[in-house]
Every structure is written in structure tokens, then in C-alpha cells.
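Undergrad: can't give you the sequence, but here's the structure:
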């Protein structure tokens, strides 16, 4: 059994909110993550929802501000929140660039030196961490869902599309739907994946759909007062791609909401309930 | 009209979570506070719940982690969260002491030099800030409630007892019920109020009750895994004082809960609902 260390646990809504760390072989460094286990996990394995965070975040932002525990406790769902990148002095980074490197690894496996040893967040989230969670927590990995915010929304959409059948459901808050063309991510994609844009398509939701990847249904919420809407997020590109491919997309635009956890927490209940309906009935 | 500056506003649960600052005459410095206004405030004045925070906190801890907005929005209640002390280079403080000074002003009016010019959080919370809120927000100050955590629970209990009739209801999470005898606060009380312990009783819930102050009813929640239970909090002293004075107290001990916002957020709905029942029916 691969070992994990408990950083802290605290009782919340009758379940346990914990923060843990472990040595990751995917990222070649110590990684921190949080897990909320609902009280029903004491009786039987519970489904898992993965929440992937956005640029500059760690596992802690949604743990503190996401307001997911009340309903996760009530419905009996585990919520796992990974960090957004490898971290540490030995990890190649650009300390003055918040759109690349630490806090900005874009849930991909890098192919370019010097990033290949550490920037493998795709493998970490899809393979290494689920195995670890399955070993250490009373979860049912046959019932997984994935969601995320902004860069993490990109992560959730692309991971779901690349692993149809692994995740029962997928949703996103203000996702970067087309990182190949987004001002936020094109620079990072070039550093991680090289200049050949064909390689970028493997980590781009809009491109993956046009390449034939499929997923049963997406729920996407987006605030119309989000400062990053026009340049970074562009949900209409996902809408067009889903329409073209006849994929089911529920895209909800919300008047006056911004890009913050005020927006996320407001609609978190809807997402938890939506995933619960798909995880708990099957 | 006294002026306030908006630091930020964000839409949350259809209402507005704002952070503001103003020059305070009570504390002789710039003070920050947050206000959540529910959507119904667009139509008519709404009741106000005051939330007073604990040692080391600012207005932001409960704003980020308190999970009060969902139900405040639904019931139509404003939530005002003041800072816990004056702050700034000109404010006398002991920078290495988290139990005194910055973040630890104990909701009293200091009588000892050099603290009298700034450490007047009692007057600030009871008088100055309500007047300011009444001027700038669509609230009904005839319907106020007060709650708090730890040092802020002490603030809520003592302010309610000293102002019977001003607040319709009062509740607390893990309050310091007897700061005169608590290891947490005796040192600060001596600095703020002098060596004469008679003066301390004016800011001590247990003492105020024994001196004849009254309030209709208290709700107090306390975790039994709270590290500060035995030395700092001692809810049994409030229980005994209320029993002696025949005051109604609902004291709920919760197995396994600690002193953190995991505990607070778990029971926040109960408190908001409890205050709502008393604020909205009268």
C-alpha cells in the first residue's frame, strides 16, 4: 500500500474533512490533497466527485470556500480536491508568471524538457491519485464524477472526454473550453507541449470533441460578469462544438456573477445534486 | 452622512457580499467590515444579524468559511461582520501576543492608557457601526440579532446582556463565557481595564448575569473536541449562571467537533434559522 500522511482532519457536517500529503511518482514531488468523507462512508463505499481547481489555487481554496460539504454529507458523496501543480524548490517554474508552472499545470502530461519529470498532472489526476484514494478511503471507484473551475473546468472536461466510461458525469464552473486559443493558456501549452499545435488538441475540450471524443452530458455554469469571459473562457466555443457533435450540454449563463468562489458556492449545490443523481441511481 | 468606501462586491446567492472600509471615531483608525445583503433588500428593509469573530480573525474568516449566505439569502437577512480590533502602525499593540491587541480587542471599551483612544470595540459594534449600516444599507435596525464565535461569542453574549431590547436574539459558537477567569483573556482584561476586577465584570457574560443583566434566551453550540474547552471556554459556567438566574439557555454539546470553521459552518444554518424565527415573526 502506498503511504499517505495526514496533515489535518476536522469533523464537518458529521463527516470528516481531511488534508493529506504523499510522495507522487507522477510529479516527482510531495503532493497535498483534501478529501471530504461523508458519514455514510462508515457503513459502505461511497461514490467520489473530483474537484479540480483553477489557476493560482491549491486544494485549499474550494475546501475553504466551496460550500460543498452540507450536500455531500446529506447525499453520501466523497469530494476529492487535488492540488493544481507540482510544487517545491526542485520544480522548474517561472515565479513571476501565474499562468504557467506552479499553480498552473493545466492537467496535462508535459512532453518538453525540463518539464517532463514533474508536470504530469493528467496522469496524477486520472491514475495515481484515484488508486491512492481507493487504497486509503472507503470509496467506490466504479462511481466517479469530475468537476472543476476555470483551468480546473478545462481539466474536468478534457479528462472526462478522454476517459469516457470512467466518469459517470462531468460539470464545470467557468471552464477554459479552448485552451489552445485562450490568452490564458497558449503560452503554457507551448512550453509544456511544444510548438506543434496538433499535440495541444489532446488537452483541449473543443478540439477533443472535433476529434471524435464523446461524453454523455455536460453541465456548465458561467457568470456573465466574469472578467475572463471574452478572452479566456469563451463558453460559446464549447456550445458550438457540442451542437456540431450532437453532444448534450446544459450551459447556464448567470447574470451578474463573477469568476470567484461567490459564484462557485452559489451553484455548488446544483452541481453536487446533479452528480448525485447520476452517481447514486446507477 | 458618514462616508464608507467599497473595497469589493461580488454577487452571491442572488444577493451582494461586500467588503467596505471607513474612518472610525471609536477606534481612531480605518476599519474594515463586510456586509451580505440578501436579494429581498432590493424591495424592503431587512433585519440584521451581527457576527462577531474570534481571536486572530478579521471580518474575512467567516465571510470565506462561514457558509451563511445560502440561508441568509433565502430568509432575507443581512449579515454584518466587523473586524475584531483596531489595526495599523499607530495602534498600540504587542506584536508577539495573539491574545491581546490586534485581533484581540475583546469587544470592550478600554479604560487604561495607552489603549483608550483606539480599543473601543464595544462602542464601535453597539453604536458606531450600526448607525453607519443604517445609513448605507437597506436594513431595519429595529430587528437586530447578534452572534459570534469564541471571543466573538463573548462579545455577542455580553453585548446582548448589556443592551436588552436592542437585539431580538443572541447565539454563540464556542463562546468565552467567563473571560475574567479564562486563561485566554485575563491578561488582556488587566491591560485594557486595569487591575480592579470589578470593572471586568462589565464585559463578562457570567458576571453580567450575576449582576442582574437579563436576555430572553441564548443558543450556544460547543464541540466536545475543542482544544480550548477546559481552559478558555467553560460553557458549564454559563449554564450554571443561567440556571441560577432562571435564564433560558439552549446549550448543545457536539461530539467530535473542534474550534474551527468546520464546526461553525456545520451549525451555521441552525443559528441563521433560529435568528430568522425571532427576527421575521415580530
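TA: That came in fine, so what should we check first? All figures in this text were calculated on a predicted structure; none of them were measured in a lab.

Undergrad: got a list of what the residue nearest to residue A:205 when sequence neighbours are not counted touches?
TA: With C-beta to C-beta, 6 or more residues apart in numbering or on different chains as the criterion, residue A:205 has its nearest non-adjacent residue at 3.9 Å, and that residue is residue A:157. For glycine as for every other residue, the C-beta is placed from the backbone atoms N, C-alpha and C. With contacts defined as C-beta atoms under 8 Å, 6 or more residues apart in numbering or on different chains, the neighbours of residue A:157 are A:170, A:172, A:175, A:177, A:205, A:218, A:238.

Undergrad: redo that, cut-off 6 Å
TA: Counting by C-beta atoms under 6 Å, 6 or more residues apart in numbering or on different chains, residue A:157 touches A:172, A:175, A:205.

Undergrad: Helix or strand next in line after whatever helix or strand it lives in, which one?
TA: In this assignment (DSSP states H and E), residue A:157 forms part of helix A:151-162. Sequence-wise, the next helix or strand downstream of helix A:151-162 (DSSP H and E) is strand A:167-173.

Undergrad: ok now that following strand, how far from the chain's centre?
TA: Averaging C-alpha positions (C-alpha atoms, centre = their mean, to the nearest Å) puts strand A:167-173 9 Å from its chain's average.

Undergrad: helices or strands next to whichever helix or strand comes after it in the packing?
TA: Next along the chain after strand A:167-173, taking DSSP H and E as the criterion, comes helix A:186-193. Helix A:186-193 sits against helix A:197-200, with contacts defined as 3 or more C-beta pairs under 6 Å, 6 or more residues apart in numbering or on different chains; DSSP states H and E.

Undergrad: what does the stretch 151-282 of chain A put close to chain B?
TA: A:256-258, A:260, A:262, A:266 (C-beta under 6 Å from any C-beta of the partner chain).

Undergrad: Can you read off the pLDDT for the residue nearest to residue A:87 when sequence neighbours are not counted?
TA: Leaving aside its sequence neighbours, residue A:87 sits nearest to residue A:102 (C-beta to C-beta, 6+ apart; 5.7 Å). Residue A:102 carries a pLDDT value of 94.

Undergrad: Tell me which residue of chain A is furthest from the middle?
TA: Distance from the centre of chain A peaks at residue A:43, with 27.5 Å (C-alpha atoms, centre = their mean).

Undergrad: What count of nearby residues applies to the residue nearest to residue A:87?
TA: Burial of residue A:102 is recorded as 20 neighbouring residues (other C-beta atoms under 10 Å in any protein chain shown).

Undergrad: from what I can see it touches residue A:95, true?
TA: No: look at residue A:102 against residue A:95 with C-beta atoms under 6 Å: they stay out of range, at 7.6 Å.

Undergrad: Any regions of the stretch 151-282 of chain A where pLDDT drops low?
TA: Within the stretch 151-282 of chain A, the segments meeting pLDDT under 70 span A:282.

Undergrad: Residue A:209 against residue A:239, yeah?
TA: No: if you go by C-beta under 6 Å, residue A:209 and residue A:239 don't touch, sitting 11.0 Å apart.

Undergrad: Which one of the two is surrounded by more residues?
TA: Higher neighbour count among residue A:209 and residue A:239: residue A:209, with 23 against 15, using other C-beta under 10 Å.

Undergrad: what helix or strand is the nearest residue to that one once chain neighbours are set aside on?
TA: Taking C-beta to C-beta, 6+ apart, and ignoring the residues beside it in sequence, residue A:209 has residue A:241 as its nearest neighbour in space, at 4.3 Å. Secondary structure from DSSP H and E places residue A:241 in helix A:235-245.

Undergrad: elements contacting that helix?
TA: If contacts are counted by 3+ C-beta pairs under 6 Å, 6+ apart, helix A:235-245 sits against helix A:205-210, strand A:248-254.

Undergrad: quick one: the very next helix or strand once past the first one to strand A:167-173, angle?
TA: In the C-terminal direction, the helix or strand that comes right after helix A:205-210 (DSSP H and E) is strand A:217-223. Using axes from the mean of the first three to the mean of the last three C-alpha atoms, to 10 degrees, the direction of strand A:217-223 lies 10 degrees away from that of strand A:167-173.

Undergrad: Tell me the buried residues in strand A:217-223?
TA: By 16 or more other C-beta atoms under 10 Å in any protein chain shown, the buried positions in strand A:217-223 come out as A:218-223.

Undergrad: do stretch A:105-113 as well
TA: A:105-110.

Undergrad: Which pair in these has the greatest spatial separation?
TA: Using C-beta to C-beta, the two most remote members of the buried residues of stretch A:105-113 are A:107 and A:110, lying 11.2 Å apart.

Undergrad: Spatially nearest residue to residue A:153 (excluding sequence neighbours)?
TA: Of all residues not flanking residue A:153 in the chain, residue A:175 sits nearest, at 2.4 Å (C-beta to C-beta, 6+ apart).

Undergrad: how close does the one you found sit to residue A:61?
TA: Distance, residue A:175 to residue A:61, by C-beta to C-beta, to the nearest Å: 16 Å.
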